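Engineer: Sequence and predicted structure, then a few things I'm wondering about:
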4 protein chains.
Amino acid sequence: MTIRVAIAGARGKMGKEAVHTVMNNDEMELVAVLDYKEIGRTLADTNLFPSHYTVPVFIDLQELHTITKPDVLLDLTTPEFVYEHTKQALELNIRAVVGTTGFSDEQLEELKTLSKASKIGCIIAPNFAIGAVLMMKFAEQAAKYLPDIEIIEMHHDQKLDAPSGTAMKTAHLISQQRPIYQQGHIREKETLPGARGANYDGMRIHSVRLPGLVAHQQVLLGGEGQLLTLRHDSFNRGSFMSGVVLSIKTVMEKEELIYGLEHIID
Amino acid sequence: MTIRVAIAGARGKMGKEAVHTVMNNDEMELVAVLDYKEIGRTLADTNLFPSHYTVPVFIDLQELHTITKPDVLLDLTTPEFVYEHTKQALELNIRAVVGTTGFSDEQLEELKTLSKASKIGCIIAPNFAIGAVLMMKFAEQAAKYLPDIEIIEMHHDQKLDAPSGTAMKTAHLISQQRPIYQQGHIREKETLPGARGANYDGMRIHSVRLPGLVAHQQVLLGGEGQLLTLRHDSFNRGSFMSGVVLSIKTVMEKEELIYGLEHIID
Amino acid sequence: MTIRVAIAGARGKMGKEAVHTVMNNDEMELVAVLDYKEIGRTLADTNLFPSHYTVPVFIDLQELHTITKPDVLLDLTTPEFVYEHTKQALELNIRAVVGTTGFSDEQLEELKTLSKASKIGCIIAPNFAIGAVLMMKFAEQAAKYLPDIEIIEMHHDQKLDAPSGTAMKTAHLISQQRPIYQQGHIREKETLPGARGANYDGMRIHSVRLPGLVAHQQVLLGGEGQLLTLRHDSFNRGSFMSGVVLSIKTVMEKEELIYGLEHIID
Amino acid sequence: MTIRVAIAGARGKMGKEAVHTVMNNDEMELVAVLDYKEIGRTLADTNLFPSHYTVPVFIDLQELHTITKPDVLLDLTTPEFVYEHTKQALELNIRAVVGTTGFSDEQLEELKTLSKASKIGCIIAPNFAIGAVLMMKFAEQAAKYLPDIEIIEMHHDQKLDAPSGTAMKTAHLISQQRPIYQQGHIREKETLPGARGANYDGMRIHSVRLPGLVAHQQVLLGGEGQLLTLRHDSFNRGSFMSGVVLSIKTVMEKEELIYGLEHIID
């Protein structure tokens, strides 16, 4: 059975990739696009897509639903729209796949209740890169057996914050699997301050920033005579598309809200 | 409670490491050593160990058992001895941890039955390096989501066979999680034969052999815009010791035979 | 002094990057563009560039020269045009920087003679990625001291040929610095054919092809107890721009033809 | 011609390795060993070496010289002895290869003068690992073209100081090839202090400490769209032996004192 997909946010960077991904996937059909303003009758009219992308554009989700009957709404819009979209989708019995982190706890709770009551699946994924999610999951698993861990994350030099969100999340997950303790030698000494990196519950995190880099992370787990390295390289936005596809397929079989791709990967 | 450990094969390379490991572990006591010939009254008499290693040496497991009451027999001997040792240990209600691959299917079956009947745990581990076992397990898990995979294993240039046993086992595990298909471009062409490596069910395996290298493997899993790398470096024989310790602890809670460290790691 | 640059091939993939690079470089000015057909009065008219890119477009190099007086012609066109452009540029006393491999030996010889006679510098670079050129140069230097070498090159799975041109060139350079001999153990055996990779004068080359990868190469040099790894990752076309800039600056000080970026790097 | 070698410090860790290396090298002969106390008539008498290592042991360099006529004295002793040995060797017209950093500036100056006057070569090498020396040399060369650099050094967790001496020396060499400037985004912010590592003239150095690691360093050089990585792994003490052999061969052709392996590598 072909999955009928509608996309909200099709003109954004992620959205454009997603449009191509769904268009080229044999198991899916892109039946409609939701926008917040008039942008033309079809995607092709926007001049952002090839002329055979004649997918109809709607500005009202109710009307979109009545006419095109989507199974899934893939929402890649900004936090200000995404809550209303998701709520409305679930009420219309459209499953939702959402790629944002912008929900309040209350909103999330409400969507969970709504999804459970209506048995309409919903997947919310702060990170669609399956490889990154696997890296974090494996780090968490391995920490039980190789608890001495350092994280090196590497990004382009235009990134402002260090450590990255992914590094912080990885450290948090690991920290729940091992006792908090200071790694390294008890008398170790920094002759240049900062050399040993940031300290997260005794683990060390190092942030590299260089022109040319995109988004990379390695988790190093050391044990007597050995080293286990879990590394993820994200080379471009396409890295999110495998997670988008997996989520769309998986949400078809779910009857509740799932937060985080790690919970649909076994 | 301190675990009372006996070691068979204490004078071998692995055995010597294991003796030190157990001697230095607070949760264990090395109560006896089993040898096949007279080598002295205690380990210290062999001149292979420090003079305070006054662990008694036996050449008969029955006598060793009567006098020293071990909880676990760690067997690091060669295939010709290991089956008899293990069988006898289980019959004497001594749990067994065995590091060899030299069992016939019949022997393995018999030990399984014996272990189950007596509810005396037994762990047989072809590979004690926890990091390597985790790498294989993670590769198997990740293959469902990122099925395009190549393996690069790297060893010292005195190794005779290529690919390594670990690479073959990794490929075998992965192959059970993904359809068999030819990776790479359908019209890809080797201008120098062998460039694309060995073909295992469509996956590629590359074997690097250089002086200086010890034992290393990386599993590369590629997806749109991303790469997940799982790498294990074994720098010396010490890499096996964490698996030895884990096995000794775990076998205390088991009532059956377990083959492969991957089954005691969750 | 600002270097006055003209670009031929501005509408190609490399050309577009180069236009932006020169426009944003404080030490250069983009004074003209050479095209083979009418595309508008200025770059902005092509709709391929921002509206303030009002660089005049010419279809005749003589006229371009008379009006805009460039110091350097950066030629990123195809082999069919590039020889004529370069010859004419040198005759007009315009220095040339050329990014192609499409010259015949005779053409190259003629340009060399022309450049030398007129003392007008010319740089021809088959590979503008400085990092890749450095990797090759270093591999060549290191091979004298660590002659046991394997090359692993990794590209996206749409690449047809294996090994890559860069890997072949690297192996060729190394081979001139070390005796030809078979690496690895004399009795080594492939249990799966191809595992040990392609054989180039005794060195081994391994070609990895996976979706997600862009263009990567590592040269591994092993010696007793140690490994030296030289690795280059090319993440996108921008990797060529540092070489373009270096070539434009360097050609200003040259009075002859130089083939290959490795000869302007010391 | 076979090079006649004498070794001082043969019973130390490095010394033992060096004895085996010279004994197994076809182009060299180990003719004598210098010790500071009576340890037996030959190396074999010390029980530290095989019984066929019947190399005579001396406690006086003058006597050693008279009887065994070495071409080269390889000195692997401690700083307190090494200056006297080297001085005496040069005076006896024995070339010297020295692996220590313990000279004062005055001593070094004196040895230089002595070596030059007598035209007896002398090589002093703080680091005999050729791979590490090459890595530093290449980092220095590449910094001119790819000046944005971070260093990640990784050692076992028993190492006390961070960054390592090799990382500091690498940073120092690089710093002489590029202007001092702050890398990364001008508004970059550490949300956990230390994440961005140590700051050396604007470059960043990160020190990883984990059990299992030996001694590893990578120098990352980023440029638009690309990354060049220079990595050295030292797996054991054997990594120094290639530098020892190279130094012994090279010192035969030198008529002055050379400080640092980088100056005999071209």
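Structural biologist: Now that the structure is in, tell me what you want to look at.
Engineer: hang on, residue A:76 packs against residue A:14?
Structural biologist: Yes - with contacts counted by C-beta atoms under 8 Å, residue A:76 reaches residue A:14, the gap being 4.7 Å. In this view, the C-beta of every residue, glycine as well, is placed from N, C-alpha and C.
Engineer: Spit out the residues that contact those two alike.
Structural biologist: Common neighbours of residue A:76 and residue A:14, using C-beta atoms under 8 Å, 6 or more residues apart in numbering or on different chains, are residue A:99.
Engineer: Can you check what pLDDT the model gives residue A:8?
Structural biologist: pLDDT, residue A:8: 96.
Engineer: what's the burial count for the residue lying closest to it once chain neighbours are set aside?
Structural biologist: Spatially, and ignoring its direct neighbours in sequence, residue A:8 is nearest to residue A:34 (4.1 Å; C-beta to C-beta, 6 or more residues apart in numbering or on different chains). Per other C-beta atoms under 10 Å in any protein chain shown, the neighbour tally for residue A:34 reads 25.
Engineer: so who does residue A:34 touch?
Structural biologist: Applying C-beta under 8 Å, 6+ apart, the residues near residue A:34 are A:6-10, A:57-59, A:61, A:64, A:73, A:85.
Engineer: For chain B, what is the nearest residue in the stretch 1-150 of chain A?
Structural biologist: For the stretch 1-150 of chain A, the residue closest to chain B is residue A:131, as judged by C-beta to the nearest C-beta, at 3.9 Å.
Engineer: Hmm, residue B:224 and that residue touching each other?
Structural biologist: No - using C-beta under 8 Å, residue A:131 makes no contact with residue B:224, being 10.1 Å away.
Engineer: quick one: which of these two has more around it?
Structural biologist: More neighbours surround residue A:131 than the other of residue A:131 and residue B:224, with 28 against 21 (other C-beta under 10 Å).
Engineer: Chain C versus the more buried one, what's the distance?
Structural biologist: Distance of residue A:131 to chain C, given as C-beta to the nearest C-beta, to the nearest Å: 8 Å.
Engineer: doesn't that residue fall inside a strand?
Structural biologist: No - according to DSSP: H, G, I helix; E, B strand; the rest coil, residue A:131 belongs to no strand; its state is helix.
Engineer: which residues sit in contact with it?
Structural biologist: For residue A:131, the contacting residues are A:232-234, A:239, B:142, B:146, B:221, B:223, B:226-228, by C-beta under 8 Å, 6+ apart.
Engineer: Need the pLDDT of it.
Structural biologist: Residue A:131 is assigned 97 on the pLDDT scale.
Engineer: three-state assignment of the closest residue to it other than its chain neighbours?
Structural biologist: Sequence neighbours aside, residue B:228 is the residue nearest to residue A:131 in space, at 3.9 Å (criterion: C-beta to C-beta, 6+ apart). Following three-state DSSP, we place residue B:228 in the strand state.
Engineer: Distance check, residue B:228 against residue A:206.
Structural biologist: Separation of residue B:228 from residue A:206 (C-beta to C-beta, to the nearest Å): 20 Å.
Engineer: same question, residue A:265
Structural biologist: Separation of residue A:265 from residue A:206 (C-beta to C-beta) stands at 27 Å.
Engineer: near chain B at all, stretch A:241-250?
Structural biologist: Yes - against chain B, stretch A:241-250 shows contacts by C-beta under 8 Å from any C-beta of the partner chain at A:241-242, A:246.
Engineer: any idea which of those is closest to chain C?
Structural biologist: Of all these, chain C sits closest to residue A:242, with 9.4 Å by C-beta to the nearest C-beta.
Engineer: list the helices and strands the helix or strand harbouring that closest one packs on?
Structural biologist: Assigned by DSSP states H and E, residue A:242 belongs to helix A:241-251. Other elements packing on helix A:241-251 under the criterion 3 or more C-beta pairs under 8 Å, 6 or more residues apart in numbering or on different chains; DSSP states H and E are strand A:3-8, helix A:13-23, strand A:72-75, strand A:95-98, strand A:122-124, helix A:130-142.
Engineer: Take those and write them to a markdown table, including distance to residue D:160.
Structural biologist: Below are these laid out as a markdown table (distance: least, C-beta to C-beta, whole Å):
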| stretch | distance to residue D:160 |
| --- | --- |
| strand A:3-8 | 56 |
| helix A:13-23 | 47 |
| strand A:72-75 | 53 |
| strand A:95-98 | 49 |
| strand A:122-124 | 47 |
| helix A:130-142 | 27 |
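Engineer: Ok, which of these comes nearest residue C:117?
Structural biologist: Ranking the helices and strands packed on helix A:241-251 by distance to residue C:117, with C-beta to C-beta as the measure, places helix A:13-23 first at 52.6 Å.
Engineer: Heading C-terminal from that closest one, find the next helix or strand.
Structural biologist: That would be, after helix A:13-23 and using DSSP H and E, strand A:28-34.
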